[in-house]
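1. Need coordinates for the below:
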Amino acid sequence: MNNITSAVPVLVLKDVRRNYMQGKSVIDVLRGIDLTINHAEMIALVGPSGAGKSTLLHMAGLLESPDEGEVILSGAPCADMNDDMRTKMRREYLGFVYQNHNLQPEFTALENVIIPQMIAGKRKREAKEYAMFLLEKMGLKDRVKHLPAQLSGGEAQRVAIARALANKPHLLLADEPTGNLDPITSESVFEFLMNIVRETGLSALVATHNPELAERMDRKITIKDGKLEEMDTLGMSGRIAFKQRFIDA
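-> Reported below is the predicted structural model:
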């Protein structure tokens with residue numbers, strides 16, 4: 001991974017606030033968000049449509065800047081960063097998965113995972129080897145030469161997850177990654193996602209409407225009225241296992 005230090009939180013949001021103008025009215029979407037995500041932690045973000053899940057992910061992903069508050073990514077305060085610095089942070093520390101896979105249609109599954117690595121400066125041979133490793137982990141060894149149009153929805157989304165992990169991010173941000181899939185495919189894709197997150201030791205913040213998937217993560221946080229409410233999704237055995245994983249990482 002990208003020099004992950006377990007002693008430093010992967011993400012800290014301090015009193016983050018964000019509002020938008022709707023006509024002459026001010027809509028407060030985030031009203032003082034405090035959140036810390038630690039190394040090797042998988043967190044579910046739940047809440048009704050329009051509650052601010054995507055806005056919160058945009059703040060965490062440095063795609064938007066808060067009106068007030070602080071975003072600290074892998075120990076680096078981001079408030080005073082210019083656009084180039086924020087882009088560099090996103091490329092080196094963050095991976096994104098969306099509801100739609102957004103793969104490049106003219107490139108194969110393998111090429112879609114190679115390209116972001118080469119943009120980041122990796123040599124093609126090394127990029128290809130790591131892309132193959134990720135796609136095999138995602139159960140796609142026999143589909144690497146297929147174009148996105150030749151893949152099923154679940155396969156395309158697994159390629160998108162591999163692409164998000166291509167540059168070995170510290171934090172994966174996923175916005176309804178199984179939202180467009182049928183229940184059986186959704187379960188399969190989530191299993192691959194959870195397994196590779198656990199194996200690579202990164203952290204993940206996953207927005208989802210699926211309560212069953214949310215319950216399987218380390219923590220569940222609910223966004224409501226612009227605030228976060230947290231529920232521990234782990235039983236005692238789960239907490240012990242998570243603590244041990246954190247210590248061993």
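
2. For the rest of this, base every contact and every neighbour count on C-alpha atoms.
-> Will do.

3. now the helices: where do they sit in this structure?
-> In the chain, the segments counted as helices under DSSP state H are 53-60, 83-93, 109-119, 124-137, 153-164, 183-200, 211-214, 236-248.

4. Now do the third one: which elements does it pack against?
-> Right, the one you point to is helix 109-119. On a contact count with 3 or more Cα pairs under 8 Å, 6 or more residues apart in numbering; DSSP states H and E, helix 109-119 meets helix 124-137, helix 153-164.

5. Minimum distance to Thr222: which of the helices of the chain has it?
-> Closest of the helices of the chain to Thr222 is helix 53-60, at 9.0 Å (criterion: Cα to Cα).

6. May I see the buried residues of that closest one?
-> Neighbour-count burial for helix 53-60 flags Lys53, Ser54, Thr55, Leu56, Leu57, His58, Met59, Ala60 (criterion: 16 or more other Cα atoms under 10 Å).

7. Now do stretch 162-180, average pLDDT.
-> Averaged across stretch 162-180, pLDDT comes to 94.

8. Revised request: answer the last question for stretch 90-109.
-> The predicted model gives stretch 90-109 an average pLDDT of 94.

9. Tell me the spacing between the closest residue to Asn19 other than its chain neighbours and Ala79.
-> Ranked by Cα to Cα, 6 or more residues apart in numbering and with sequence neighbours excluded, the top spatial neighbour of Asn19 is Asp28, at 4.4 Å. From Asp28 across to Ala79, the span is 20 Å (Cα to Cα, to the nearest Å).

10. Next, count neighbours for Phe190.
-> Residues lying near Phe190 (other Cα atoms under 10 Å) number 16.

11. Apologies, that question was intended for Met118.
-> 17.

12. what's across from Arg219 in the sheet?
-> When assigned by DSSP bridges, Arg219 has beta-bridge partners Ile43, Asp232.

13. Isn't it up against Val46?
-> No. Applying Cα atoms under 8 Å, one finds Arg219 not in contact with Val46, separated by 10.8 Å.

14. tell me the contacts of the residue nearest to Asn19?
-> Asp28 sits next to Arg17, Arg18, Asn19, Tyr20, Gly226 when contact means Cα atoms under 8 Å, 6 or more residues apart in numbering.
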